[in-house]
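Trainee: got a structure for you, letters missing:
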């Protein structure tokens, strides 16, 4: 068991290192020179990108598919809850029942939402058409990881499976689409910074009317 715990932290460190390298590597493409004069501060756009800019009414695709949007939110909450849970337990720390009970709910809801999104991708012809094998592999792997975390919260015998799946997740993360959980924050900063500078974000009431 000690070897698996060690493997969790080594794979997590490897994943974090490689994801950081991938982000820093984007700077090698050079910085685009902006000739237009700044109309506002970048950080207003960044603040908007991480707050109101995440709301469904600010995204046309999300507004038209609200159940999928909500399921995606709970799915990602479940993923981060599972990651926190595996790191916490691998460090030989224990959660009180008062904290563990909400975690069970988050993991259970996350697994249900993840499975629902997987079924939607598999059943809907349009979704299958734009999907690649990585979409299915990543979804299945993460769903099993969340499920094993939920089962481990009830049955301690599941702990080796939970750790093995965590190691697989961390090793796969920089290589597949799961890395978007890291690039998401970076891309939102770039998005908010650029359009905040142009005063496109946040939207003014006049521009929206």
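Mentor: Ah, there it is. What you see is a predicted model; the values in this text were computed from it and never measured. Numbering: from 1, shown residues only.
Trainee: from here on, contacts and neighbour counts on C-alpha atoms
Mentor: Noted.
Trainee: so for the closest residue to residue 140 other than its chain neighbours, what's the pLDDT?
Mentor: Distance criterion CA to CA, 6 or more residues apart in numbering; nearest residue to residue 140, sequence neighbours excluded, is residue 118 at 7.6 Å. Note for residue 118: predicted pLDDT of 94.
Trainee: how many residues are close by residue 118?
Mentor: Neighbours of residue 118 under the rule other CA atoms under 10 Å: 18.
Trainee: tell me the SS of it?
Mentor: Of the three states, residue 118 takes helix under DSSP: H, G, I helix; E, B strand; the rest coil.
Trainee: pretty sure it contacts residue 137?
Mentor: No: if you go by CA atoms under 8 Å, residue 118 and residue 137 don't touch, sitting 10.0 Å apart.
Trainee: please enumerate the strands of this structure.
Mentor: Ranges of strands within the chain: none, based on DSSP state E.
Trainee: shaky segments in it?
Mentor: Along the chain, segments meeting pLDDT under 70 span 35, 38, 201-209.
Trainee: quick check, central residue of it?
Mentor: By CA atoms, centre = their mean, the mean C-alpha position of the chain lies nearest to residue 181, the distance being 3.3 Å.
Trainee: how close does it sit to residue 196?
Mentor: Going from residue 181 to residue 196 by CA to CA, to the nearest Å gives 23 Å.
Trainee: also residue 136?
Mentor: 35 Å.
Trainee: look at those two and report which has more neighbours.
Mentor: Neighbours were counted for residue 136 and for residue 196 using other CA under 10 Å; residue 196 has more, 25 against 16.
Trainee: chain neighbours aside, what residue packs nearest to that one?
Mentor: Nearest residue to residue 196, sequence neighbours excluded (CA to CA, 6+ apart): residue 45, at 3.7 Å.
Trainee: which residues sit in contact with the one you found?
Mentor: Taking CA atoms under 8 Å, 6 or more residues apart in numbering as the criterion, residue 45 is in contact with 191, 192, 193, 194, 195, 196, 197, 199, 201, 202.
Trainee: mind running it again at 10 Å?
Mentor: Applying CA atoms under 10 Å, 6 or more residues apart in numbering to residue 45 gives the contacts 51, 53, 188-203.
Trainee: got a PyMOL select line for the buried ones in the residues you listed?
Mentor: Only the buried entries of the contacts of residue 45 go into this PyMOL selection, using 16 or more other CA atoms under 10 Å:
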select buried, resi 53+188+189+191+192+193+194+195+196+197+198+199+201+202+203
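Trainee: re earlier: what's near enough to touch the residue nearest to the centre of the chain?
Mentor: So residue 181 contacts 76, 79, 80, 173, 174 (CA under 10 Å, 6+ apart).
Trainee: what about the contacts of residue 45, which are in helices?
Mentor: 188, 189, 190, 191, 192, 193, 194, 195, 196, 197 (DSSP state H).
Trainee: can I get those in TSV with distance to residue 40?
Mentor: Formatted as TSV, those follow (distance: CA to CA, whole Å):
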residue	distance to residue 40
188	17
189	15
190	15
191	14
192	12
193	10
194	10
195	9
196	6
197	5
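Trainee: for the residues you listed, which one is nearest residue 33?
Mentor: Using CA to CA, residue 194 comes nearest to residue 33 of the ones in helices among the contacts of residue 45, at 11.8 Å.
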